[in-house]
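Participant: the sequence and its predicted three-dimensional model are supplied below.
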Amino acid sequence: MTQASPRYETRVHDVLVIGAGGAGLRAAIEAAAAGSSVGLVGKSLLGKAHTVMAEGGVAAALANVAEDDSWQTHFRDTMVGGKMLNNWRMAQLHAQEAPDRVRELERWGAVFDRTRDGRILQRPFGGHTYPRLAHVGDRTGLEMIRTLQDRTVQSGVTVYMECTTTHLLTDDDRVTGAFGYWRQTGDPIAFSAKAVILATGGIGRSWQVTSNSWEYSGDGHALAYRAGAELIDMEFVQFHPTGMVWPPGVRGLLVTEAVRGEGGILRNRDEDRFMWKYLPDDRRHEYAETDEEASRWVEALREGRATDARQPPELSTRDNVSRAIYTEVREGRGSAHGGVFLDISYLPADLVRRKLPSMYDQFKELAAVDITAGPMEVGPTCHYMMGGVRVNADTAASTRVGLYAAGEVAGGMHGANRLGGNSLSDLLVFGRRAGAAAAAFAAEAPPVGDVDQEQLRRAEEELAAPFDRPGGEDPYRLHADLQAVMQSLVGIFRTGSDLEVALERLAGLRARWAQVRVVGSPAYNPGWNLYFELQNMLVCSEAVARSALQRTESRGAHARLDHPGLDPEWGKRNSTVSLDGEAMRVIAKPLPELPDELRRLITT
Ligand SMILES: Cc1cc2nc3c(=O)[nH]c(=O)nc-3n(C[C@H](O)[C@H](O)[C@H](O)COP(=O)(O)OP(=O)(O)OC[C@H]3O[C@@H](n4cnc5c(N)ncnc54)[C@H](O)[C@@H]3O)c2cc1C
């Protein structure tokens, strides 16, 4: 519905979903099914959201390949992988509901790879006890987006493509809509909505080496923070162990964990299979003891039969493998281009091409390497944000009334480290829950009233500011400087002194941001788009650095060289971030108590 407004194009919906990736699409479908009028906004074209890049698969205890699998084991793996910092209720709902969400996708038209008897095939991934990832070769995200997008369009959802949201609109006690602009023209647009769902993805563009696309500037995290919602677990940024390291133009591009899931072996320049020495003592019993046992496991996987062999050491959790690779390189045992070698070429070439078609093409076309004939060079790349908007597990409601969050922008589900495949299932489970809860809230909530013209005027003024400056900062240079700070001082390994220096430099970058100048008109202006995104990257970067400084221990993806061990006291607390006047407030809050019946699943 379009509402006449003195100055701004204004659209009115019961539920506004910001973000058209997996989480946003799933939320929109559910809210529309509940009878809400739904608007879905994305800053790229429909079908181009980050989810489309997902490769390895979606984790769900379907028990198609390993009949002993169950939601209980998936729950345990997720909690153990997250170093027990997860919101237990989210992890429970996720493990219980993921199988239904995957079967539902199949009913809606997704065509997964098959077992010999025609069921959805599942592959192994790091930290999962059983082969659990439903997949479509190494192009799972493409199939998911295609399916969800069709369903969304059939559901009568109104889609706003290439439309960037820059501000949430609020009144005293709730969120009432959003403001943004059309990227094509730069023209402003306002949305009035009884409920708003954030589904904007992650923050990885703040690091130099990243697998994340241009969309990952942490917009949703920053929008929620500025609207008064709380963020949690912001210190936990996942560095995926395997990104491309060469040639420089593609550094960071993901090499899916499916390569290791299918049997890929990691070696250093001396040909040592180094992962043997990095397995954590308390989990060593879950992995093979010898090359021979690991080979038997890969062979059994290939032939689709059960085995008593245990999984190869390369399938340790991502945080551990990343630190191992980083350490090998730092200690001088890396490859010529600063990585290590990942080899799958010992398997039959036709199998590699069939199981990993995108990886085959990616290396052939971008690096002139044939992965069926020799190893790939790989190294860690910034990949996923465990931290995000603090939500209620059952409803995905944030701490601000009328505001919901699902997918990568939401925090809590993965604790200190995410297991591969758990993001695609997370966004299905909590996308659906957010859509249902937002629709229910909108059905009961009083109307939001006229859009506050004063808030819109201020928002537009803020966006216009960099055009009016006679001289000033180049947004691209500022972005490069931010990435250098985060890469060198807030990376895989951290120290208190580095983090303090990072915070000082971030303060300097914020001051420079206020002087950014852009030229030209607002129509399709990438420098201007970056101006707004930089503000969000700066908020997220500060939240990561402050939370990391506060957590004086090493846990999951957060490794402090000056505090190398786990601290049981920190194991009882989440870091929370909120806006306090003009300042960022970071405080530790107690984790919700894990019920005994769930604790028993983990300890037995
Ligand atoms: C290369 C790669 C491979 C991966 N493979 C896997 C895998 O195999 N399994 C797995 O579980 N996970 C995988 N992941 C992680 C997973 O893909 C993501 O975590 C997940 O897709 C995020 O989905 P989302 O719906 O939360 O966000 P996205 O799919 O990123 O969607 C975000 C949406 O928000 C929109 N948006 C952002 N900001 C704004 C704004 N200001 N205004 C309007 N719209 C906005 C974007 O345009 C986009 O539509 C992978 C990640 C990468 C990078």
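Facilitator: Cool, the structure landed.
Participant: mind checking which helix or strand of the chain has the lowest mean pLDDT?
Facilitator: Within the chain, no helix or strand scores below strand 2-3, which has a mean of 46 by mean pLDDT, DSSP states H and E.
Participant: residue ranges with poor pLDDT in the protein?
Facilitator: Along the chain, segments meeting pLDDT under 70 span 1-6, 604.
Participant: for it, what's the longest helix?
Facilitator: helix 526-550 (DSSP state H).
Participant: show me the helices in the stretch 201-350 of the chain, by range?
Facilitator: Secondary structure of the stretch 201-350 of the chain (DSSP state H, counting those that start in this stretch): helices at 219-226, 258-261, 291-303, 318-330, 349-355.
Participant: out of those helices, nearest to the ligand?
Facilitator: For the helices of the stretch 201-350 of the chain, the distance to the ligand is smallest for helix 219-226, at 3.4 Å, taking Cβ to the nearest ligand atom. C-beta: built from backbone N, CA, C; applies to glycine.
Participant: now the closest one: buried residues?
Facilitator: By neighbour count with 16 or more other Cβ atoms under 10 Å, helix 219-226 contains the buried residues D219, G220, H221, A222, L223, A224, Y225.
Participant: make a markdown table out of those residues and add distance to R123.
Facilitator: Converted to a markdown table, the buried residues of helix 219-226 look like this (distance: Cβ to Cβ, whole Å):
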| residue | distance to R123 |
| --- | --- |
| D219 | 33 |
| G220 | 30 |
| H221 | 31 |
| A222 | 35 |
| L223 | 36 |
| A224 | 34 |
| Y225 | 37 |
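Participant: list, out of these, those positioned next to the ligand.
Facilitator: Within the set of the buried residues of helix 219-226, contact with the ligand (Cβ under 6 Å from any ligand atom) is found for D219.
Participant: contacts only, for the residue in the stretch 251-400 of the chain positioned nearest to the ligand.
Facilitator: Scanning the stretch 251-400 of the chain for proximity to the ligand using Cβ to the nearest ligand atom identifies L254 as nearest, at 3.6 Å. For L254, the contacting residues are M53, E55, S211, H240, T242, G243, M244, T381, H383, taking Cβ atoms under 8 Å, 6 or more residues apart in numbering as the criterion.
Participant: find the nearest non-adjacent residue to the residue in the stretch 1-150 of the chain that the ligand sits nearest to, please.
Facilitator: Nearest residue of the stretch 1-150 of the chain to the ligand, counting by Cβ to the nearest ligand atom: G21, 1.9 Å away. Counting by Cβ to Cβ, 6 or more residues apart in numbering, the nearest residue to G21 once its immediate chain neighbours are dropped is A49, at 3.4 Å.
Participant: quick one: neighbours of the one you found, just the number.
Facilitator: Applying the criterion other Cβ atoms under 10 Å, we find 28 residues in the vicinity of A49.
Participant: please apply the same query to A227.
Facilitator: 21.
Participant: residues touching it, list them.
Facilitator: Taking Cβ under 8 Å, 6+ apart as the criterion, A227 is in contact with L168, T170, V175, R400, L403.
Participant: and the third one, what does it touch?
Facilitator: The one in question is V175. L168, L169, A195, V196, A227, R400, V401, G402, L403.
Participant: mind putting the helices of the stretch 201-350 of the chain into a markdown table with distance to W207?
Facilitator: Shown next, in a markdown table, are the helices of the stretch 201-350 of the chain (distance: least, Cβ to Cβ, whole Å):
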| stretch | distance to W207 |
| --- | --- |
| helix 219-226 | 15 |
| helix 258-261 | 22 |
| helix 291-303 | 32 |
| helix 318-330 | 13 |
| helix 349-355 | 29 |
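Participant: roughly how far does the residue of the stretch 251-400 of the chain closest to the ligand sit from D113?
Facilitator: Distance of L254 to D113, given as Cβ to Cβ, to the nearest Å: 19 Å.
Participant: and of the contacts of L254, the nearest to P313?
Facilitator: The closest of the contacts of L254 to P313 turns out to be T242 (Cβ to Cβ; 14.4 Å).
Participant: and S37, what are its phi and psi?
Facilitator: For S37, the backbone dihedrals (degrees, to the nearest 10) come out as phi -80, psi 120.
Participant: that one reaches V17, doesn't it?
Facilitator: No. S37 sits out of contact with V17 when judged by Cβ atoms under 8 Å, with a separation of 11.6 Å.
Participant: which residues in the stretch 501-604 of the chain form helices?
Facilitator: In the stretch 501-604 of the chain, the helices defined using DSSP H, counting those that start in this stretch lie at 526-550, 596-603.
Participant: out of these, nearest to the ligand?
Facilitator: Of those, the one closest to the ligand (Cβ to the nearest ligand atom) turns out to be helix 526-550, at 7.8 Å.
Participant: can you give me the buried ones in the closest one?
Facilitator: Along helix 526-550, the positions that meet the burial threshold by neighbour count (16+ other Cβ under 10 Å) are 528-550.
Participant: check stretch 267-274 too.
Facilitator: Of the residues in stretch 267-274, those with enough neighbours to count as buried (16+ other Cβ under 10 Å) are R267, N268, R273, F274.
Participant: and for the closest residue to the ligand within the stretch 301-450 of the chain, the neighbour number?
Facilitator: Scanning the stretch 301-450 of the chain for the residue nearest the ligand gives G407, at 2.4 Å (criterion: Cβ to the nearest ligand atom). Around G407 sit 34 other residues, with neighbours defined as other Cβ under 10 Å.
Participant: assess the claim that it and A20 are in contact.
Facilitator: No. With contact defined as Cβ under 8 Å, G407 and A20 do not form a contacting pair (10.8 Å).
Participant: now list whatever residues contact both of those two.
Facilitator: When contacts are counted by Cβ under 8 Å, 6+ apart, G407 and A20 are jointly contacted by A199.
Participant: give me the phi and psi angles of A227.
Facilitator: For A227, the backbone dihedrals (degrees, to the nearest 10) come out as phi -80, psi 0.
Participant: hang on, the earlier thing: the longest helix of the chain and the ligand, are they touching?
Facilitator: No. Counting by Cβ under 6 Å from any ligand atom, no contacts exist between helix 526-550 and the ligand, the nearest distance being 7.8 Å.
Participant: okay, the angle between that helix and helix 219-226?
Facilitator: Between the axis of helix 526-550 and that of helix 219-226 there is an angle of 60 degrees, by axes from the mean of the first three to the mean of the last three Cα atoms, to 10 degrees.
Participant: point out the other helices and strands that helix 526-550 packs with.
Facilitator: Counting contacts by 3 or more Cβ pairs under 8 Å, 6 or more residues apart in numbering; DSSP states H and E, the secondary-structure elements packed against helix 526-550 are strand 163-170, helix 219-226, helix 475-489, helix 496-513, strand 573-580, strand 583-590.
Participant: gap between the two ends of stretch 116-126?
Facilitator: From its first residue to its last, stretch 116-126 covers 24 Å (Cα to Cα, to the nearest Å).
Participant: list the contacts for N64?
Facilitator: If you count contacts by Cβ under 8 Å, 6+ apart, N64 has them with T115, R119, I120, L121, Q122.
Participant: count the neighbours of the closest residue in space to it that isn't next to it in sequence for me.
Facilitator: With Cβ to Cβ, 6+ apart as the measure, R119 is the residue that lies nearest to N64, at 4.4 Å, once sequence neighbours are left out. Per other Cβ under 10 Å, the neighbour tally for R119 reads 15.
Participant: repeat that for V519.
Facilitator: If you count neighbours by other Cβ under 10 Å, V519 ends up with 10.
Participant: what's the burial count for L169?
Facilitator: The number of residues packed around L169, counting by other Cβ under 10 Å, is 22.
Participant: how far is stretch 9-20 from where the chain is centred?
Facilitator: Its chain's C-alpha centre lies 23 Å from the corresponding centre of stretch 9-20 when counted by Cα atoms, centre = their mean, to the nearest Å.
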